Structure formats: structure tokens, C-alpha cells
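[1] What shape does this take:
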Amino acid sequence: MSQPFTKTPIEPLPPETNATAHKIVDAAFAVHKNLGPGLLESVYEVCLVHELIKRGLAVKQQLAVPILYDNIRLDGGLRLDLLVEDRVIVELKTVDLVLPVHKAQVLTYLKLTGHRLALLINFNAHLIKNGIFRIIL
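    Numbers count the residues shown, from 1 in each chain. The predicted model follows:
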């Protein structure tokens, strides 16, 4: 007789992670307020990094994400746009519409890195609040 399926409860995010996410969102609002939509992703990235550093946060840019395949660590060319405080992944977009594939990309980054929280930020949104997506693993 098989055992009934029991789902392991997910631990809540640490308060530090939520506090970091809040600062990232605040910084994204500042960048969008100053620049508006319509620029290249790279422009928003450098400005957001500047805002995050002003807020005292440690930021890593274009961080390589290795792939473990067939028990071998491979470089598949995956890069995180930003990793903030070694706890929150930030994926930046400048697209007309955030698609399910964009969210799937971020979810995959969470799985590959072991991090639990990511923010997908689309700076091409007319209102930045409509361009920020919180993705939790």
C-alpha cells in the first residue's frame, strides 16, 4: 500500500529577503520616474545598479549561472542580470508585454541557483507598478 502524498510546507521568506525586495522595488520606481519607458535594457540596468548601491545594497551584475548536466558543470551562457545582497535575483526587461516565457526564465534561474525570490521588472511599462512581478520558489 502506498503512502499518501504529503506536501512539505514551504518556509516563509526571511524578513531580510523581503526588506531587500522592498528596496529594489523602491529603486526601480526611482529609475522609472526619472527615465520613463522606451530605453534600452542596459540603460535601466546601470541606473538601477546605481540606485541600489546608493541604498547600501551589494549588487552583482551579469552573474554567470552554470548548468549541472549529466553530473558535469557546464557554462550554458546563462547570466543573471542582477543578484542583490546574494538573496534576490532581478531580471530586467524592456518589452511591450511580459510573456509566460519571461516568468519561466526567472523561475528556472531560481531553481538553478537555489535562491527563493526574484523580481522580474519590465521598464517598458507605462506604470512601473504594472511591470514588476514577484516570483517565489
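
[2] just checking, what's the longest helix in this structure?
    Longest helix of the chain, by residue count under DSSP state H: helix 15-35.

[3] Counting by contacts, list what it packs against.
    Using 3 or more Cβ pairs under 8 Å, 6 or more residues apart in numbering; DSSP states H and E, the elements in contact with helix 15-35 are helix 41-54, strand 88-93, strand 117-122, strand 132-136. C-beta coordinates here come from the backbone N, C-alpha and C atoms, glycine included.

[4] and the second one, what's its mean pLDDT?
    Here the mean pLDDT over strand 88-93 is 98, rounded to a whole number.

[5] and that strand with strand 117-122, angle?
    Using axes from the mean of the first three to the mean of the last three Cα atoms, to 10 degrees, the direction of strand 88-93 lies 20 degrees away from that of strand 117-122.

[6] Give the buried residues for strand 88-93.
    Buried positions in strand 88-93, judged by neighbour count with 16 or more other Cβ atoms under 10 Å: 88, 89, 90, 91, 92, 93.
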